[in-house]
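# my questions concern the predicted model and sequence given below.
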Amino acid sequence: MKEFDILDLLDSENLPLKNRMNEKGYYAPVPTEQLTRTAGAQDADRGSDVRVDRGASCEISEKLNRVPLAREERPLIPIEPLLSGEQYRFHFDMSRCVGCQCCVVACNEQNNNPASVHWRRVGEIEGGTYPDTKKYHLSMACNHCLDPSCLTGCPTDAYVKLEDGIVKHQAEECIGCGYCTWNCPYGVPQFNPERNIVTKCDMCHSRLKDGQLPACVAACPQEAIQIEKVNRSEWQQDHKQADAPYVPDSGMTLSTTRITLPQDAPENMLRANRHRIEPEKPHTSLIFMTVLTQLASGGFLTLWLGDFLSRFLDFLRPLQDFLAFGTCGMLIVTETALFAAVFHLGRPLYAYKALKMWKRSWLSKEVLLFALFSAIGAGYAGGTLASHFGRVPFPSGLRILLGGFVVVLGLAGVYASAKIYLVPARPAWNTVRTPIRFFLTGFILGPLFALVVYAFYAAVHIQDVPDPFYKGPIFAFIGVSTIAGLLQLIVLLSRLFSLRRDETDELYASAFLLIHRFKKLFVARLLFLFSGSFIVPFMLLEFSTFQDSLNGSLIGLALASFILSLLGELLGRYLFFVTVVPKNIPGSFFTTNGRPH
């Protein structure tokens with residue numbers, strides 16, 4: 001007698017996935033009894049080729065009975081139409097899910113997504129004490145929230161909440177900025193590198209309209225995923241059923257996904273991927289864009305204050321003649337920063353669309369404010385330059401007024417930049433230290449860049465002017481930058497200590513990255529800051545105090561101080577991006593921060 005082989009069972013006509021369909025074309029698991037009956041019938045047809053004795057058949061049947069198949073007939077999609085105030089939502093039964101990933105595969109196949117983009121993901125949570133340990137799986141796609149943060153933050157209005165409650169992404173409006181991926185605490189929107197835009201789950205809206213099941217619902221062999229109706233106002237009052245272990249709080253966006261937890265789940269549940277802490281993307285173009293715009297804003301503020309105070313303070317009088325050259329230098333930095341920002345977009349040719357939602361999105365406000373800052377700053381710089389060469393009169397009162405307007409726009413742009421990162425989904429960013437650090441970067445680099453331009457200007461134009469006349473602005477620039485550098489150092493150290501004390505998973509992980517994986521870079525960042533804001537400036541002050549005439553040392557020390565400080569701020573901004581750990585759903589043992597496999 002030939003020993004029974006499981007491959008004999010796999011040859012059954014009723015077992016392949018393509019054949020396990022009901023009369024409506026939906027996936028329908030075959031009951032255990034039918035599998036065993038079919039296997040026995042086929043064995044009888046084969047005659048003496050393959051024989052299964054009663055014991056082997058019972059053994060196979062017993063094993064199959066251990067698989068938690070569908071327990072009862074239940075509708076997977078509402079039959080009745082939506083009533084007023086209702087919308088569709090997902091229901092996920094964690095007690096049914098076996099982690100087979102069929103929903104993930106079906107979703108990707110249905111939407112033709114690349115392997116790196118998963119609109120539906122399956123994570124794992126585990127707990128208990130040996131030998132009574134438990135592991136459960138969590139399948140989650142878009143929650144179609146009542147207050148979707150992806151929609152409210154989008155600068156191009158690429159998201160729309162339909163009448164049936166589905167949050168739909170409009171690909172033609174997306175510019176690929178990725179701001180929605182920062183705002184969503186569940187990591188739902190994902191950048192598609194093949195299309196250079198962000199994409200997300202829409203509950204297979206086209207199938208749903210035709211009365212068909214979404215791909216994930218149809219593919220689940222355990223019927224762990226359903227489509228339900230929910231009353232919005234009632235759910236808004238009580239949405240506790242959307243919460244689950246290590247899933248971001250449903251109150252952040254009013255998630256509508258209902259999660260049924262297993263009744264026997266232990267209390268001490270943990271994420272299966274808690275051991276995996278990996279850095280985020282550095283966003284190189286944003287590093288340069290943010291640092292340089294802050295430099296220009298701080299520089300314009302320094303020059304404008306110097307011009308205004310020079311009316312009352314004689315030691316700042318040289319800034320009146322220097323103003324034209326200093327503002328032109330700041331304008332060049334501004335244009336460079338805005339040019340760098342375009343490379344962050346997936347579709348840079350459509351960057352103008354970012355202005356669309358300027359009343360709602362902080363990203364749109366940032367783009368608008370810096371565009372005005374650049375345009376009016378160009379007029380301000382051009383006016384001072386023309387006045388300097390005596391071609392066009394530029395009254396001092398108008399110069400002060402226009403310069404003040406430029407300064408306000410620049411500072412408002414820096415504030416808007418900081419607000420972009422103040423999102424609850426990224427706790428390490430969502431703190432008052434973020435705007436403080438952004439402003440201090442401008443107050444460190446702006447005066448130092450102005451000092452570099454002033455050093456070249458002084459070496460060329462005022463070599464024969466008495467010593468005290470040119471030293472005043474040097475002391476002013478160094479004083480502002482040094483004070484800002486000291487405050488920046490205090491903020492950085494306070495952030496480090498606060499991260500280490502905080503027990504929140506995301507903040508603990510950010511601290512872990514900062515003091516372990518990026519420890520050398522963090523120390524280098526502090527050294528650059530200390531050298532550029534204290535050591536070299538004090539050497540420059542000593543040179544200016546004891547030297548009677550200008551020489552190359554002033555230019556060299558000014559450049560050294562600026563370059564060291566610039567490297568420190570660029571490195572600090574790099575750490576700002578890579579050490580943030582976002583909120584997300586649990587991942588599996590092999591995934592990081594809820595990312596797909």
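Nice, I can see it.
# which stretches of this protein form strands?
All strands of the chain, identified by DSSP state E, fall at 86-93, 121-129, 132-140, 159-161, 167-169, 190-192, 197-199, 225-231, 258-260, 270-271.
# ok now the second one, how far from the chain's centre?
Centroid displacement of strand 121-129 relative to its chain, using C-alpha atoms, centre = their mean, to the nearest Å, is 25 Å.
# one more: the third one?
How far strand 132-140 lies from its chain's middle: 27 Å, per C-alpha atoms, centre = their mean.
# can you give me the angle that strand makes with strand 121-129?
Using axes from the mean of the first three to the mean of the last three C-alpha atoms, to 10 degrees, the interaxial angle of strand 132-140 with respect to strand 121-129 works out to 160 degrees.
# what are the contacting residues of strand 132-140?
The contact list for strand 132-140 (C-beta atoms under 8 Å, 6 or more residues apart in numbering) reads 92, 94-95, 97-99, 103-104, 120-128, 186, 216, 220, 224-225, 244, 247, 257, 259, 262, 264-266, 269, 272, 585-586. Quick note: C-beta positions are derived from backbone N, CA and C, even for glycine.
# now, of those residues, which are buried?
Neighbour-count burial within these applies to 92, 94, 97-98, 103-104, 120-128, 186, 216, 220, 224-225, 244, 247, 257, 259, 265, 269, 272, 585-586; the criterion is 16 or more other C-beta atoms under 10 Å.
# what sits against residue 186?
Contacts for residue 186 were tallied using C-beta under 8 Å, 6+ apart; they are 140, 142-143, 247-248, 253, 255, 583-585, 594.
# from the residues you listed, which is closest to residue 237?
Within the contacts of residue 186, distances to residue 237 taken as C-beta to C-beta reach their minimum at residue 255, with 14.4 Å.
# can you tell me how far that closest one sits from residue 230?
11 Å (C-beta to C-beta, to the nearest Å).
# these two - which one has more neighbours?
Counted by other C-beta atoms under 10 Å, residue 255 and residue 230 do not tie: residue 255 has more neighbours, with 29 against 24.
# what's near enough to touch the residue lying closest to residue 558 once chain neighbours are set aside?
With C-beta to C-beta, 6 or more residues apart in numbering as the criterion, residue 558 has its nearest non-adjacent residue at 4.3 Å, and that residue is residue 455. Contact analysis of residue 455 by C-beta under 8 Å, 6+ apart lists 554-555, 558-559.
# let me see the domain layout of this structure.
Domain assignment for the chain by automatic domain parsing gives 6-65, 86-271, 284-578.
# closest one to residue 79 among those domains?
Ranked by C-beta to C-beta, the member of the domains of the chain that lies closest to residue 79 is domain 86-271, at 9.1 Å.
# quick check: mean pLDDT of the closest one?
Looking at domain 86-271 alone, the average pLDDT works out to 94.
# one more: stretch 293-305?
For stretch 293-305, the per-residue pLDDT averages 96.
# need the residues that contact it.
319, 323, 326-327, 329-331, 333-334, 337-338, 370, 373, 377, 400, 403-404, 406-407, 410-411, 413-414, 417, 438-439, 441-447, 449-450, 477, 480, 566.
# give me the distance between that stretch and the centre of its chain.
Distance, centroid of stretch 293-305 to centroid of chain: 28 Å (C-alpha atoms, centre = their mean).
# cool, and stretch 194-208?
With C-alpha atoms, centre = their mean, you get 19 Å for stretch 194-208.
# residues of that stretch that come out buried?
Residues of stretch 194-208 classed as buried by neighbour count (16+ other C-beta under 10 Å): 195, 197-204, 207-208.
# quick one, grab the pLDDT at the residue nearest to residue 335 when sequence neighbours are not counted.
Leaving out its chain neighbours, the residue that sits closest to residue 335 by C-beta to C-beta, 6+ apart is residue 374, at 6.4 Å. Residue 374 carries a pLDDT value of 96.
# just list the residues touching residue 374, thanks.
When contacts are counted by C-beta under 8 Å, 6+ apart, residue 374 is found next to 331, 334-335, 338.
# go on, residue 101?
Listed by C-beta under 8 Å, 6+ apart, the contact set of residue 101 reads residue 122.
# phi, psi of it?
Recorded main-chain torsions at residue 101 are phi 70, psi 10, according to degrees, to the nearest 10.
# in the longest helix along the chain, what counts as buried?
Scanning the chain for the helix with the most residues, using DSSP state H, yields helix 467-501. Using 16+ other C-beta under 10 Å as the test for burial, helix 467-501 gives 470-474, 476-478, 480-482, 484-489, 491-492, 495, 499.
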